[in-house]
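Student: have a look at this fold, sequence not included:
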């Protein structure tokens, strides 16, 4: 003990700092976990401005840090560059967020270490990768059903488009309309596409077309909050003149006025679960269940007018 104390004292006095790279090289690991996120062109100027992704990354980073690992992020709208560089990554495991499964398969050709997927919407049920998501269709079905039971039969869908996660939510809306015997063609249930019109153009389209519908289902709380503020600026009262719903139940749902009726999912739980599973895989554990769907909940607040 006396010798150890002397050595520690000498190290402290000399300002010695262990070489993390040399230590990790000796242990054949980097102590780095990678996060790959796909950014759709034209959707954001900064992906992390969306509270969903900001909360997700924050949750991942927090638990990674508590496990004495470091985080490396790759956010790109050009998956070819990501796939090309994958073979050079010196990371112990990767979390893939919102990627198409085709991209995952391509990445697998270069990167052989453990990976976990979050919200890979077209991941096959029998895929070898673990995919953490929720039943997007059922969540959208529930919010559409709530609107129908509240007396709304003329609805619109306000989202980036009808592909990916937004597409899964759109399918849930359509299924609810079908089950209640309501029309769901483009004229009866219009899709107001932010991807095609831009956000400002899409909000303007809602404003000019609002006589055709009594409620708008938004693909996320972010879009719902932007739409509510825009409508109020145009003198359209929410929910008296137009009802609006969201999806996620992030901070926007509680900050916007009126408070937003939405579908709650635990984004933090998604991130934390992904890290825990990835660390297990890195330590040799196997999982029988590969398609993990987290629970969700309808949250009714003040942005929907009950017509009956």
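Tutor: Arrived safely, thanks for sending. Because the structure is predicted, anything quoted here is derived from the model rather than measured.

Student: with adjacent residues omitted, what lies nearest to residue 165?
Tutor: Ranked by CB to CB, 6 or more residues apart in numbering and with sequence neighbours excluded, the top spatial neighbour of residue 165 is residue 121, at 5.4 Å. The way it works is simple: take the backbone N, C-alpha and C, and place the C-beta from them, glycine included.

Student: dump the residue contacts of that neighbour.
Tutor: Neighbour list for residue 121: 100, 133, 136, 164, 165, 167, 168 [criterion: CB atoms under 8 Å, 6 or more residues apart in numbering].

Student: in helices only, show me those.
Tutor: With DSSP state H as the criterion, helices contain 136, 164, 165, 167, 168 from among these.

Student: most neighbours out of those residues, which is it?
Tutor: Sorting these by how many neighbours each has (other CB atoms under 10 Å) puts residue 136 first, at 25 neighbours.

Student: show me the contacts for that one.
Tutor: With contact set as CB under 8 Å, 6+ apart, residue 136 has these partners: 121, 165, 168, 169, 172.

Student: before we move on, the earlier item: in JSON lines, list the contacts of residue 121 along with distance to residue 230.
Tutor: Written out in JSON lines, the entries for these read as follows (distance: CB to CB, whole Å):
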{"residue": "100", "distance to residue 230": "31"}
{"residue": "133", "distance to residue 230": "30"}
{"residue": "136", "distance to residue 230": "25"}
{"residue": "164", "distance to residue 230": "24"}
{"residue": "165", "distance to residue 230": "23"}
{"residue": "167", "distance to residue 230": "24"}
{"residue": "168", "distance to residue 230": "26"}
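
Student: farthest pair in those?
Tutor: 100 and 136 (14.9 Å; CB to CB).

Student: for the residue nearest to residue 165, give its distance to residue 133.
Tutor: In this structure, residue 121 lies at 7 Å from residue 133, with CB to CB, to the nearest Å as the measure.

Student: the bottom helix or strand of this protein by mean pLDDT?
Tutor: Here the helix or strand of the chain ranked lowest by mean pLDDT, DSSP states H and E is helix 20-26, holding a mean of 45.

Student: what does the next helix or strand after that one contact?
Tutor: As assigned by DSSP states H and E, the chain's next helix or strand after helix 20-26 is strand 32-38. Under the criterion CB under 8 Å, 6+ apart, residues 47, 53, 57, 60, 64, 69-77, 79, 82, 89-100, 103, 107, 275, 278 lie in contact with strand 32-38.

Student: and which of the ones in helices among the contacts of residue 121 is nearest residue 232?
Tutor: Of all these, residue 165 has the smallest distance to residue 232: 27.2 Å, by CB to CB.

Student: contacting residues around the closest one?
Tutor: Shown here is residue 165, whose contacts under the criterion CB under 8 Å, 6+ apart are 98, 119, 121, 136, 219.

Student: strands along the chain, start to end?
Tutor: Ranges of strands in the chain, per DSSP state E, are 32-38, 70-76, 93-97, 115-118, 130-134, 155-159, 191-193, 215-218, 243-245, 262-265, 291-294, 296-299.

Student: quick one, the second one and strand 32-38 angle?
Tutor: Interaxial angle, strand 70-76 versus strand 32-38 (axes from the mean of the first three to the mean of the last three CA atoms, to 10 degrees): 20 degrees.

Student: pull out the buried positions in strand 70-76.
Tutor: Applying a neighbour-count criterion of 16 or more other CB atoms under 10 Å, the buried positions in strand 70-76 are 71, 72, 74, 75.
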